[in-house]
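> Sharing a model prediction with you, sequence too.
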Amino acid sequence: MNINFNKNEDHNKLLLTELKKRLVKVKLGGGQHKIDKHHQKGKMTARERIDYLLDVNTKSIEIAAFAGQDMYLEHGGCPSGGVVIKIGYIQKKQCIVVANDATVKAGAWFPITGKKNLRAQEIAIENRLPIIYLVDSAGVYLPMQDEIFPDKEHFGRIFRNNAVMSSLGITQISAVMGSCVAGGAYLPIMSDEALIVDKTGSIFLAGSYLVKAAIGESIDNETLGGATTHCEISGVTDYKCKDDKEALNTIKNIIEKIGDFDAAGFNRIKPSKPKENQEEIFGILPKTRNEPYEMKEIIKRLVDNSEFDEYKKNYGKSIITAYARIDGWAVGIIANQRKVVKNKNGEMQFGGVIYSDSADKATRFIANCNQKKIPLVFLQDVTGFMVGSKSEHGGIIKDGAKMVNAVSNSVVPKFTIIIGNSYGAGNYAMCGKAYDPRLIVAWPTAELAVMSGNSAAKVLLQIETASLQKKGKKITKEEEAALFDKIKSNYDNQISPYYAAARIWTDAVIDPLNTRTWISMGIEAANHAPIEKKFNLGVIQV
């Protein structure tokens, strides 16, 4: 056992405790007072609606719970982006559910709300998953309309995606359980089927006040766009429900009758738990960012029976490539090796760095997994590609480009787990967000940035001191140390996994012990979408 095992365990479990505290807070949405007011109206909260809709005692995963954290504080904040998204099971069918949280600014759309909704639709499109919208929103948050309204990845893209999903045969069901106004009114009507809750649900392009101002007509909102109007006069909605529970039960009945999907055919056998104790992950992962450890010990605690078949075991040792199973699913694992190893020439290689031979090995392995239709799992703890004259002369850029090419053109589903460092081009080569992983999550131990906090702070300090010196200012060692600490503190905040999760650079910060569930449910979702493209690397430098 590692001599620092107990210290590592204490440190990492404290990080896990912090994660759990943050999740408890974010699940309160706009706060208990707003939740109480919501209940007084006879309405369920977004989370209560989703929990009621999903099958009892089944697993689910929440997408982007930390979206918007510590953002828009001048506007009062936007916890969880004002919308709750979960992948789970309804009538034993895997679905994705999107529910506006009306306790947060009446469910109004901030820029991050739009990004989060688009992420949900992206997941539905990639995986051909049925998607359910539980609508309760005041529409675009007007003080920030210029950041949510007109661009390609803004509010209007939602309705474009509605149309695309319909053409792809992806089931979309909407339940209007509160406000549904202006452009947002198109979402339920572009779904396959639309439900509305009597007296609390309403749909209109313009509310009664705007109608009065625009055309002088006096009318109340219920008559203008309530359940009776849209179910009996306009025909806009298909089902009139007396309350939230009746609407959710109706959705369950619709989902229950959906036919089977055409499977992609990923290999799965009876699942087995790891033989090694998964809790030991907390003691294996080092407390400090630059301390080496054996990544294979982490893999043993993630895969079925703690068994894996290593590909090119003695070549390109700074990356581990291996076939294994996770919850019964066949997977190809690509993981950064963090311990110092010797290469084929007997030279020492730094842990967490990608070398030419490692990139070459990973490229070949990715091609093999695409040939065999095996999903890929990336375990990131990477500081980047090796630098220096020897690496440059050996063609590190060429070999790195081949690996990036293989990751980019892979047609099997990819899943990324950021365990520790995720720096620079290493993030790209190991399937960062820009490379379309079906799901990407971080452990509480993760850091995402161009470079480490120490390295970046030193570079930024040199720039700052040089600038001050040009202005004729002399800096003492004490002032330089204080400036370094200030720069590093700001940078450390930006490399936090929560900073990344707030901006949906990752889908979640998760308990490491939930990693198997995320990967398994992700592959199950991906299995809904048959692979239609062929793997092709295109033009590469050999």
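Everything's here; your move. Please read all numbers here as calculations on a predicted model, not as lab measurements. Numbering: from 1, shown residues only.

> Quick check: closest non-adjacent residue to residue 444.
Once flanking residues are discounted, residue 444 sits nearest to residue 15: 3.9 Å by Cβ to Cβ, 6 or more residues apart in numbering. Quick note: C-beta positions are derived from backbone N, CA and C, even for glycine.

> That neighbour reaches residue 446, doesn't it?
No. The pair residue 15 / residue 446 is not scored as a contact, 9.9 Å apart, by Cβ atoms under 8 Å.

> what residue ranges in the stretch 401-542 of the chain score low on pLDDT?
Within the stretch 401-542 of the chain, the stretches with pLDDT under 70 are 453, 541-542.

> what's the burial count for residue 404?
19 (other Cβ atoms under 10 Å).

> quick one: contacts for it?
Shown in contact with residue 404 (Cβ atoms under 8 Å, 6 or more residues apart in numbering): 425, 428-429, 435.

> Contacts for stretch 463-481 next, please.
Here stretch 463-481 makes contact (Cβ under 8 Å, 6+ apart) with 461, 483, 487.

> Tell me the one of the contacts of residue 404 nearest residue 68?
Of all those, the one sitting nearest residue 68 is residue 435; the distance, using Cβ to Cβ, is 24.2 Å.

> so who does that closest one touch?
404, 407-408, 414, 428.

> try 7 Å this time
407-408, 428 (Cβ atoms under 7 Å, 6 or more residues apart in numbering).

> Which one of those sits in the busiest neighbourhood?
So for these (other Cβ under 10 Å), the most neighbours sit at residue 407, 25 neighbours.

> among the contacts of residue 435, which are in helices?
Per DSSP state H, helices hold the following members of the contacts of residue 435: 407-408, 428.

> quick one: least confident helix or strand in this structure?
Every helix and strand of the chain was ranked by mean pLDDT, DSSP states H and E. The lowest is helix 389-393, at a mean of 63.

> Now tabulate the contacts of residue 404 in TSV and tack on distance to residue 204.
Output for the contacts of residue 404, formatted as TSV (distance: Cβ to Cβ, whole Å):
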residue	distance to residue 204
425	50
428	46
429	50
435	42
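
> Relative to residue 138, which of these is nearest.
When those are compared against residue 138 (criterion: Cβ to Cβ), the nearest one is residue 435, at 35.7 Å.

> what are the phi and psi angles of that closest one?
phi -110, psi 20 (degrees, to the nearest 10).

> what does residue 415 give?
phi -130, psi 130.

> With residue 329 instead?
Backbone torsions of residue 329, given as degrees, to the nearest 10, read phi -80, psi 130.

> What of the one 5 residues further on?
Taking degrees, to the nearest 10, you get phi -120, psi 110 for the backbone angles of residue 334.

> next one: residue 377
Torsion angles, degrees, to the nearest 10, at residue 377: phi -120, psi 120.

> correct me, but it touches residue 327?
No. Using Cβ atoms under 7 Å, residue 377 makes no contact with residue 327, being 11.6 Å away.

> Counting neighbours, go ahead and name the busier of these two.
Shown here are residue 377 and residue 327; by other Cβ under 10 Å, residue 377 has more neighbours (29 against 19).

> what's near enough to touch that one?
331, 333, 415, 417, 519 are the contacts of residue 377 under Cβ under 7 Å, 6+ apart.

> go with 6 Å
331, 333, 415 (Cβ atoms under 6 Å, 6 or more residues apart in numbering).

> Tell me which helix or strand the first one sits in.
Going back to what we said before, that points to residue 331. Using DSSP states H and E, the element containing residue 331 is strand 329-336.

> Closest one to residue 78 out of the ones in helices among the contacts of residue 435, please.
For the ones in helices among the contacts of residue 435, the residue nearest residue 78 by Cβ to Cβ is residue 428; the value is 29.1 Å.

> ok, and the closest non-adjacent residue to the closest one?
Nearest to residue 428 is residue 404, by Cβ to Cβ, 6+ apart, at 5.8 Å.

> Extract the CA atoms of the helix or strand that neighbour falls within and return them as CSV.
In the assignment (DSSP H and E), residue 404 maps to helix 396-409. Only the C-alpha atoms of helix 396-409 are listed here, as CSV (Å, rounded to 0.1, in the frame of the first residue of the first chain):
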residue,chain,number,x,y,z
ILE,A,396,6.0,14.8,-31.6
ILE,A,397,3.7,17.3,-33.5
LYS,A,398,3.1,14.7,-36.3
ASP,A,399,2.4,11.9,-33.9
GLY,A,400,0.2,14.1,-31.7
ALA,A,401,-1.7,15.2,-34.8
LYS,A,402,-2.3,11.5,-35.7
MET,A,403,-3.8,10.9,-32.3
VAL,A,404,-6.0,14.0,-32.5
ASN,A,405,-7.1,12.9,-36.0
ALA,A,406,-8.1,9.5,-34.7
VAL,A,407,-10.0,10.9,-31.8
SER,A,408,-11.8,13.4,-34.1
ASN,A,409,-12.8,10.9,-36.7
